[in-house]
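**Student:** here are the coordinates; sequence isn't available:
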């Protein structure tokens, strides 16, 4: 007989410690707040201390637990320090969300070396560094959820974003490889690939481009940061325990 408890998907994360990078605004803030509402203690990571403080205040106003950690995700030593500080403070680390990312858009023929390098360093190197640092305490605890924020651009490309698309395709490849490496220790590694979401990044695109994007999206709207946060919350939960190496598109049908 099937266990009736298995039919109930719980998103209760009480007692778990989480790190969310790029938590100062946009998707990162929505993800951090959602994990905190589910009961997780959230280490909010960002390079911008002021934005971090606002995220932590929002979580605490909602009776959640959060701590700010100012960190450049490309700095290997600082990344290691942050993970160690979180483990020391909360006794372990169960959830990592690699969300920090930047764009430096340009057509490939005009793209400068520093535009390419900056995006690859933050989006891909940063994800690698935090994944490597978090793997050790997760392996020790024999439980972990690593969720990497990729993009539909890493699946289908996007003109003017060769660097961004390459970085997110790299995140997807990294996700699938690390999923295989860590599965034996009960650590799942998945990616969420958002489509076009209403954030500060999309606000700069202009009305004409936004209308084009709406026409390409079967659901006929841009996503909300909470749409992505809900997907992350599911992958962090016990209900996703048999899902690993997967790329979950949250794109309103854009890639169908």
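**Tutor:** Done, it's in. In this text, all values refer to a predicted model and were calculated from it rather than measured experimentally.
**Student:** what separates the host helix or strand of residue 154 from the chain centre, distance-wise?
**Tutor:** According to DSSP states H and E, residue 154 maps onto helix 153-156. Its chain's C-alpha centre and that of helix 153-156 lie 16 Å apart, by Cα atoms, centre = their mean, to the nearest Å.
**Student:** Return the set of buried residues in the very next helix or strand once past it.
**Tutor:** Next helix or strand after helix 153-156 toward the C-terminus (DSSP H and E): helix 162-182. Neighbour-count burial for helix 162-182, counted by 16 or more other Cβ atoms under 10 Å, picks out 162-172, 174-176, 178-179, 182. Every C-beta, even on glycine, is put in place using the N, C-alpha and C of the backbone.
**Student:** Check which helices and strands helix 162-182 sits against.
**Tutor:** Secondary-structure packing of helix 162-182 (3 or more Cβ pairs under 8 Å, 6 or more residues apart in numbering; DSSP states H and E): helix 113-120, helix 126-141, strand 144-149, helix 153-156, strand 187-194.
**Student:** From the rest of the structure, what touches it?
**Tutor:** Contacts with helix 162-182, where a contact means Cβ atoms under 8 Å, 6 or more residues apart in numbering, come from 98, 101, 103-105, 108, 111, 115-116, 119-120, 122-124, 127-128, 131, 135, 138-139, 144, 146, 148-151, 153-155, 157-158, 188-191, 193, 244-245, 247.
**Student:** Those, buried ones only, as a PyMOL selection?
**Tutor:** In PyMOL, the members of those classed as buried (16+ other Cβ under 10 Å) are selected with the following command:
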select buried, resi 98+101+103+104+105+111+115+116+119+120+122+123+124+127+128+131+135+138+144+146+148+149+150+151+153+154+155+188+189+190+191+193+244+245+247
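**Student:** what's the burial count for residue 80?
**Tutor:** Residues within reach of residue 80, counting by other Cβ atoms under 10 Å, total 15.
**Student:** next one: residue 25
**Tutor:** Quick note: residue 25 (other Cβ under 10 Å) scores 17 neighbours.
**Student:** My guess is residue 192 contacts residue 149. True?
**Tutor:** Yes - with contacts counted by Cβ atoms under 8 Å, residue 192 reaches residue 149, the gap being 5.6 Å.
**Student:** any common contacting residues for the two?
**Tutor:** Shared contacts of residue 192 and residue 149, defined by Cβ under 8 Å, 6+ apart, comprise 228, 232.
**Student:** Nearest spatial neighbour of residue 98, chain-adjacent residues omitted?
**Tutor:** Residue nearest to residue 98 in three dimensions, not counting chain neighbours: residue 127, with 4.2 Å by Cβ to Cβ, 6 or more residues apart in numbering.
**Student:** so which of the helices and strands packed on helix 162-182 comes closest to residue 93?
**Tutor:** Closest approach to residue 93 among the helices and strands packed on helix 162-182 is made by helix 126-141 (4.6 Å; Cβ to Cβ).
**Student:** ok, then the element right after the worst-scoring helix or strand of the chain on mean pLDDT?
**Tutor:** Least confident helix or strand, the chain: helix 200-203 with a mean of 68, by mean pLDDT, DSSP states H and E. From helix 200-203 onward toward the C-terminus, using DSSP H and E, the following helix or strand is helix 207-216.
**Student:** where in this protein is pLDDT low?
**Tutor:** The chain contains residues with pLDDT under 70 at 1-9, 201-205.
**Student:** Doesn't residue 249 lie inside a helix?
**Tutor:** No - counting by DSSP: H, G, I helix; E, B strand; the rest coil, one finds residue 249 to be strand, located in no helix.
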